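Undergrad: Got a predicted structure plus its sequence, pasted below:
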Amino acid sequence: MAPISPFAILSAKMLANFIFMSVVEVVLVPVFSVLYNVSLAGVAGRLILVLALGTIGLTVTGTVFSAISSHARLRELLLPLLLLPILTPLLIAAVEATASLLVEDPELDRTWAALLAGFDIVFLTASWLLCDYLIEE
Amino acid sequence: MKNFENLFAAWMVVWTVFFVYEVSIARRLARLKQDIESLKQQMRER
Amino acid sequence: MKARYASTVFAAGLIFFAGYAALFIAPDEKTMHAIQRIFYFHLPSWIAMFTALSVVFVANVAYLATRKPKWDALGVSGTEAAVVCCTIGLATGPLWAKPVWGIWWTWDARLTTTFILWLLYISYLLLRGLLDDPERKATFSAVFGIFAFLDAPLVYVSNRLWRTQHPQPVIGGGSGSGLDPGMGKVLLLCVIAVLGVMIIILLDRYRLEKLRQEFDEVRLEYETLNLEPASIGKERP
C-alpha cells in the first residue's frame, strides 16, 4: 500500500466533503433568506461561523461513519441509522444557534455555540486518535 | 396509596425486563453448550 | 457454578429487600407521596447504565489496544446491559411523570439526550449485526463505541446546563438539592441491588459471548478436519 498516513487519507475525505457541503450552503442560504424573507445583513459573520462549525461536525462524523458502514451489509440504511443519533446534539445546537441570530435583537447564544465548537473539537480529536483503525490495511 | 398502579407498573417493568433478558441469555447459553458438545462428539466419531 | 448460583440467589434477595425498603421503609415524600418511590428504581437504573457504558468504553479502548477477543465480548455484553438499564429508566420515567407532571413525555434536554443515547447504543448493536467478518466487526464496533461514549457526558450535564422539565440534580446539585438521610439509605440499598443485577446480566452475557467464540473455533476445527461445513449451528441467535 502507498505510504500515506491514515489520517491524511481521512482528512482528505473530510476536506472534500466539507468543500462540497459548503458549496451547497453558499447556494442555499441566500435562497432560503429570500424564500423566508429573512434579512441576514447584520448577522452574516456570525451566521457563517455557526454554519462552518456545524458543517465541520457533519463532515467529520459523516466521513468516519461512512468508513465504518461501507463494510457492512445494508450500508445505505446503516449510515443514516448511525448518523442520526450521534448528530442530533449537533443539529439541535446549530438550529438553536442560528435561531438566536434570526430574532429581532440578534445575539449569538454562547451555550449553543460552545456546544458546536466542543462537538467539533471532540470528534476531530477522536477521529485523529482512531484513524488507524478506520482505514483498511 | 395514591397512584399505586403506576408504582406497581414501574416495579413490574424493572424486574420483567431484567428477568426476560436473563432468561433469553440462559436459553441461548444452554443451546450453545449443546451445539458445542454435538460438534465435539461428531469430531470424535470421525 | 456454585458461585454463580450463590450470587444469583444473593442478588434476588437483595432485590426483594431493596424493593421492600423502597415501598415501606423509605419515608413518605412531601408533595408526591407514594409515586415518588419510583425514584428508588429510576435513579439506580441510570447509575447502572452509566457504569455499564464506562465498562464498554474501557473494553472498546482495550480491544483496539490489544486485539484480544475477550474485550470485544465485554464490549457487547456491557452495551446490552446498558441498553436494558436505559430501557428501564425510559420506561419508569414516564410512569412517574404522568401523575406528577400530567404528561408522559416532553422533549426537554435531559429526556431528549437520554433517548438519543438509547438509540445510539441500539445502533451499536445493529452495526454488529450487519458486519460479518469477526475482526472487522470487533474493530468497527469498538471505534463506534468510543464515538458513542462521547455523547454520554452530555446526557449527564443536560439538566445542569439547561432548565429542564426533568428535575434538577438531587445529589450534588446546586442550592436546595440534597436528600433526606432516610431516603438516602434506601437509595443506596437500591443502587447496590440494581448495580448487582446489572453486573450479573453483564457477566452472563459475557459468558455467552465467550462460549460463542469457542463455538466458532470448534466449528472451524471441524470444518478444517472434514473439509465440509458443519451442519450444526447454522442459524445461531
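TA: On my side now, so go ahead.
Undergrad: Do a quick rundown of the helices in chain C.
TA: For chain C, the helices defined by DSSP state H occupy C:2-20, C:39-66, C:69-101, C:109-130, C:134-149, C:152-161, C:181-226.
Undergrad: can you list the ones you listed in JSON lines and add mean pLDDT, distance to chain A and mean neighbour count?
TA: No exception for glycine: its C-beta is placed from N, CA and C like everyone else's. Output for these, formatted as JSON lines (pLDDT from 0 to 100; distance: least, C-beta to the nearest C-beta, whole Å; neighbours: other C-beta atoms under 10 Å in any protein chain shown):
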{"stretch": "helix C:2-20", "mean pLDDT": "76", "distance to chain A": "31", "mean neighbour count": "14"}
{"stretch": "helix C:39-66", "mean pLDDT": "94", "distance to chain A": "6", "mean neighbour count": "21"}
{"stretch": "helix C:69-101", "mean pLDDT": "93", "distance to chain A": "12", "mean neighbour count": "22"}
{"stretch": "helix C:109-130", "mean pLDDT": "93", "distance to chain A": "4", "mean neighbour count": "20"}
{"stretch": "helix C:134-149", "mean pLDDT": "93", "distance to chain A": "5", "mean neighbour count": "21"}
{"stretch": "helix C:152-161", "mean pLDDT": "86", "distance to chain A": "6", "mean neighbour count": "17"}
{"stretch": "helix C:181-226", "mean pLDDT": "89", "distance to chain A": "19", "mean neighbour count": "18"}
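Undergrad: can you tell me which of the ones you listed comes nearest to A:Thr98?
TA: A:Thr98 sits nearest to helix C:109-130 of all the helices of chain C, at 17.9 Å, using C-beta to C-beta.
Undergrad: If you count contacts, what does the longest helix seen in chain A end up packed against?
TA: The residue-count maximum for a helix in chain A (DSSP H) belongs to helix A:6-35. With contacts taken as 3 or more C-beta pairs under 8 Å, 6 or more residues apart in numbering or on different chains; DSSP states H and E, helix A:6-35 sits against helix A:44-69, helix A:110-134.
Undergrad: Distance to A:Leu58 for the helices of chain C - can I get that in CSV?
TA: Below are these laid out as CSV (distance: least, C-beta to C-beta, whole Å):
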stretch, distance to A:Leu58
helix C:2-20, 44
helix C:39-66, 24
helix C:69-101, 25
helix C:109-130, 16
helix C:134-149, 14
helix C:152-161, 17
helix C:181-226, 34
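Undergrad: So which residue is dead centre in chain C?
TA: Against the mean C-alpha coordinate of chain C, by C-alpha atoms, centre = their mean, the closest residue is C:Ala82 at 1.9 Å.
Undergrad: Pull the contacting residues for that residue.
TA: C:49, C:52-53, C:56, C:121 (C-beta atoms under 8 Å, 6 or more residues apart in numbering or on different chains).
Undergrad: do that again at 6 Å, thanks
TA: Contact partners of C:Ala82, counting by C-beta atoms under 6 Å, 6 or more residues apart in numbering or on different chains, are C:49, C:52-53, C:121.
Undergrad: Output the residues you listed as CSV; include the columns distance to A:Leu101.
TA: Output for the contacts of C:Ala82, formatted as CSV (distance: C-beta to C-beta, whole Å):
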residue, distance to A:Leu101
C:Met49, 36
C:Ala52, 40
C:Leu53, 35
C:Tyr121, 34
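Undergrad: residues contacting the residue of chain B found nearest chain A?
TA: Of all residues in chain B, B:Val17 sits closest to chain A, at 21.1 Å by C-beta to the nearest C-beta. Contact analysis of B:Val17 by C-beta under 6 Å, 6+ apart lists C:Ile88.
Undergrad: any idea which helix or strand carries it?
TA: helix B:4-45 (DSSP states H and E).
Undergrad: Next, the angle from that helix to helix C:39-66.
TA: Using axes from the mean of the first three to the mean of the last three C-alpha atoms, to 10 degrees, the direction of helix B:4-45 lies 30 degrees away from that of helix C:39-66.
Undergrad: what's the burial count for A:Val43?
TA: Residues contacting A:Val43 under the criterion other C-beta atoms under 10 Å in any protein chain shown number 20.
Undergrad: in terms of contact, does it touch A:Pro106 like I think?
TA: Yes: in this structure, A:Val43 is within contact of A:Pro106 by C-beta atoms under 6 Å, at 4.9 Å.
Undergrad: Tell me where the model's unsure across chain B.
TA: B:1-2, B:46 (pLDDT under 70).
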